[in-house]
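Asks: sequence-free structure coming up:
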């Protein structure tokens, strides 16, 4: 398990350390899914469809994700 310490800015922004960004191929504009489980925050890179679809999705009400959907997006919801 890789560990790193980071800080929260006055605007609530969190810096993801470079080794983590590199390992996950994260770049500016990528989507990150967040889930809170008690006092644990889980972050996961989320692959999104093309830009036109993303613009439409941003206009929709926020969708809540289950922990399983966040970790295993390929599984279909019943």
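Replies: The structure has been received and is ready for your questions. Source: prediction; values computed, not measured.

Asks: what about residue 24, how many residues close to it?
Replies: Neighbour count for residue 24, taken as other CB atoms under 10 Å: 14. (Each C-beta comes from the backbone N, C-alpha and C, glycine too.)

Asks: Please name the residues that touch the closest residue to it other than its chain neighbours.
Replies: Leaving aside its sequence neighbours, residue 24 sits nearest to residue 45 (CB to CB, 6 or more residues apart in numbering; 5.1 Å). Shown in contact with residue 45 (CB atoms under 8 Å, 6 or more residues apart in numbering): 24-26, 30-33.

Asks: so residue 45 bridges to which residues?
Replies: Under the criterion DSSP bridges, residue 45 forms beta bridges with residue 32.

Asks: okay, it: pLDDT?
Replies: pLDDT recorded at residue 45 is 87.

Asks: Equivalent analysis for residue 32, please.
Replies: Looking at residue 32, the pLDDT reads 89.

Asks: Pretty sure it sits against residue 43.
Replies: Yes: Residue 32 is within contact range of residue 43, at 5.4 Å (criterion: CB atoms under 8 Å).

Asks: Comparing these two, which residue is more hemmed in?
Replies: residue 43 (15 against 12).

Asks: which secondary structure element contains that one?
Replies: Here residue 43 sits within strand 40-46, counting by DSSP states H and E.

Asks: In that strand, which residues are buried?
Replies: Buried residues in strand 40-46, counting neighbours by 16 or more other CB atoms under 10 Å, are absent.

Asks: Return, as residue ranges, the portions of this protein with sub-threshold pLDDT.
Replies: Counting by pLDDT under 70, the chain contains low-confidence residues at 48-63, 65, 67, 70-71, 73-78.

Asks: Break down this protein into its strands, ranges please.
Replies: 31-37, 40-46 (DSSP state E).

Asks: right, so of those, which gets closest to residue 20?
Replies: Nearest to residue 20 among the strands of the chain is strand 40-46; the distance by CB to CB comes to 9.0 Å.

Asks: sorry, back to before: would you mind giving the strands of the chain as CSV with distance to residue 12 added?
Replies: Below are the strands of the chain laid out as CSV (distance: least, CB to CB, whole Å):
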stretch, distance to residue 12
strand 31-37, 12
strand 40-46, 12
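
Asks: Sounds good, over and out.
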